[in-house]
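Trainee: heads up, no residue letters with this:
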């Protein structure tokens, strides 16, 4: 059992390393926390904000909602990088790629127009390629080796409400997505779309 600290309302996500040595978790804040399982103590706290307060000046009365908040995160197989899907800020929701060894943000991608609820590596052995799922109803695949102008490698259309979870089979071919539209979809990564389309979202509150 781990007693967590600096919790801003809730723990939003956690992940454990492939060798079971480290556990990371996030809260509704710019920080990721790393816990050394073998030593039973925290080994680091990392700030993903990178000096970015995008949107605070535009929403002064609601600035908490427009600061960097980590919703989902995954640790690379080498334990050297973290990808973090964040909440919507002034101009969109970013994905932060964080270098744990050099304690810096390697890439900051404005990836979606709404909160990024889930991220996953296509294959943990290759930390350059990952998938994001957002409340804008889209799943996107990214490759940081060929990243240009915040453009994904591909987009997956089909859901009509926010994405709650994406998970890869890690065979470089298939992943699934779970959505607030009450469906789970199986996707072929090789058949993504590069064209931007309008998504007709279902705005009915499914909780009712």
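Mentor: The structure has been received and is ready for your questions. These numbers were taken from a predicted model, which means no experiment stands behind them.
Trainee: ok, now which ones touch the closest residue to residue 123 other than its chain neighbours?
Mentor: Leaving out its chain neighbours, the residue that sits closest to residue 123 by CB to CB, 6 or more residues apart in numbering is residue 170, at 5.0 Å. Backbone N, C-alpha and C define where each C-beta goes, glycine included. Neighbouring residues of residue 170 by CB atoms under 8 Å, 6 or more residues apart in numbering: 121-124.
Trainee: what about residue 170, which SS state?
Mentor: coil (DSSP: H, G, I helix; E, B strand; the rest coil).
Trainee: which ones are touching the most centrally placed residue in the chain?
Mentor: Residue closest to the mean C-alpha point of the chain, counted by CA atoms, centre = their mean, is residue 85 at 2.1 Å. Taking CB under 8 Å, 6+ apart as the criterion, residue 85 is in contact with 70-73, 93, 95, 111, 116-119, 132-134.
Trainee: which element is it on?
Mentor: Element membership for residue 85 (DSSP states H and E) is strand 81-86.
Trainee: can you list the strands that the helix or strand following that strand pairs with?
Mentor: Next in sequence after strand 81-86, counting helices and strands by DSSP H and E, comes strand 93-99. According to DSSP bridges, strand 93-99 forms sheet pairs with strand 81-86 (antiparallel), strand 104-112 (antiparallel).
Trainee: give me whichever of those is most buried.
Mentor: With neighbours defined as mean count of other CB atoms under 10 Å, the strands paired with strand 93-99 peak in mean count at strand 81-86, which reaches a mean of 26.
Trainee: surely residue 180 and residue 160 touch.
Mentor: No - the pair residue 180 / residue 160 is not scored as a contact, 9.1 Å apart, by CB atoms under 8 Å.
Trainee: ok, the two, which is more surrounded?
Mentor: Taking other CB atoms under 10 Å, residue 180 and residue 160 do not tie; residue 180 has more neighbours (20 against 17).
Trainee: and that one, what's its pLDDT?
Mentor: Residue 180 carries a pLDDT value of 93.
Trainee: ditto for the one 5 residues further on
Mentor: Residue 185 is assigned 98 on the pLDDT scale.
Trainee: so it is in which element?
Mentor: strand 184-188.
Trainee: partner strands of that strand and their direction?
Mentor: With DSSP bridges as the test, strand 184-188 is paired with strand 174-179 (antiparallel).
Trainee: low pLDDT regions in the chain?
Mentor: The model of the chain has pLDDT under 70 over residues 50-66, 206.
Trainee: quick one: residue 93 from residue 16, how far?
Mentor: Residue 93 is 25 Å from residue 16, where distance means CB to CB, to the nearest Å.
Trainee: quick one: which of the two has more around it?
Mentor: With neighbours defined as other CB under 10 Å, residue 93 and residue 16 compare such that residue 93 has more, 25 against 14.
Trainee: hang on, the more buried one packs against residue 116?
Mentor: Yes - when contacts are counted by CB under 8 Å, residue 93 is listed as touching residue 116 (4.8 Å).
Trainee: joint contacts of those two?
Mentor: 85-87, 134.
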